[in-house]
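S.K.: missing the sequence, but the structure's below:
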């Protein structure tokens, strides 16, 4: 049997109030916890900088050249790997062209139409 409209409304109001209170309580708890964690992180960062800064100043004549050397070594390895990959791809294309197989560029032109040089310009 259906309950009257006014009885349903009076039952829903305490439920909505309880949900609002639960949401507010959860929000305050989570927000407060995050503020405490962020303040602890800030304090630890400041303390770490206070301790590390004199060491960085003392050892900077050693650390800066070492960092630059490591950067240039890493850049050299990365660039040599890239150049090697490009060179191997070029050799692959040259092999396919010399053996009579069509390079992928020719297949692309056949599949998608005329090249840019063969199309009339709209200027």
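M.R.: All right, it came through fine. Not measured: the values here are computed from a predicted model. Numbering: from 1, shown residues only.
S.K.: which stretches of this structure form helices?
M.R.: Along the chain, the segments classed as helices by DSSP state H run 5-98, 104-112.
S.K.: Which of those has the lowest mean pLDDT?
M.R.: Within these, the stretch with the lowest mean pLDDT is helix 104-112, showing a mean of 69.
S.K.: quick one on the thing from earlier: want to throw the helices of the chain into a markdown table with mean neighbour count?
M.R.: Placement of C-beta: from N, CA and C, glycine included. As requested, the helices of the chain are exported to a markdown table (neighbours: other CB atoms under 10 Å):
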| stretch | mean neighbour count |
| --- | --- |
| helix 5-98 | 10 |
| helix 104-112 | 11 |
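S.K.: Now residue 101. Its backbone dihedrals?
M.R.: Backbone dihedrals for residue 101, given as degrees, to the nearest 10, come out at phi -80, psi 150.
S.K.: Now do it, the pLDDT please.
M.R.: The predicted structure scores residue 101 at 80 on the pLDDT scale.
S.K.: Now do it against residue 93, distance only.
M.R.: Using CB to CB, to the nearest Å, we find residue 101 at a distance of 10 Å from residue 93.
S.K.: Please apply the same query to residue 75.
M.R.: Taking CB to CB as the measure, residue 75 and residue 93 are separated by 27 Å.
S.K.: For the chain, which residue occupies the most central location?
M.R.: The centre of the chain sits closest to residue 78, judged by CA atoms, centre = their mean, with a distance of 20.2 Å.
S.K.: So what's the residue count around residue 99?
M.R.: By other CB atoms under 10 Å, the residues close to residue 99 number 7.
S.K.: hang on, the earlier thing: the residue nearest to the centre of the chain and residue 52: what is the separation?
M.R.: Distance check for residue 78 against residue 52: by CB to CB, it reads 29 Å.
S.K.: and if you look at residue 95?
M.R.: In this structure, residue 95 lies at 55 Å from residue 52, with CB to CB as the measure.
S.K.: Ok, residue 90 next?
M.R.: Using CB to CB, we find residue 90 at a distance of 48 Å from residue 52.
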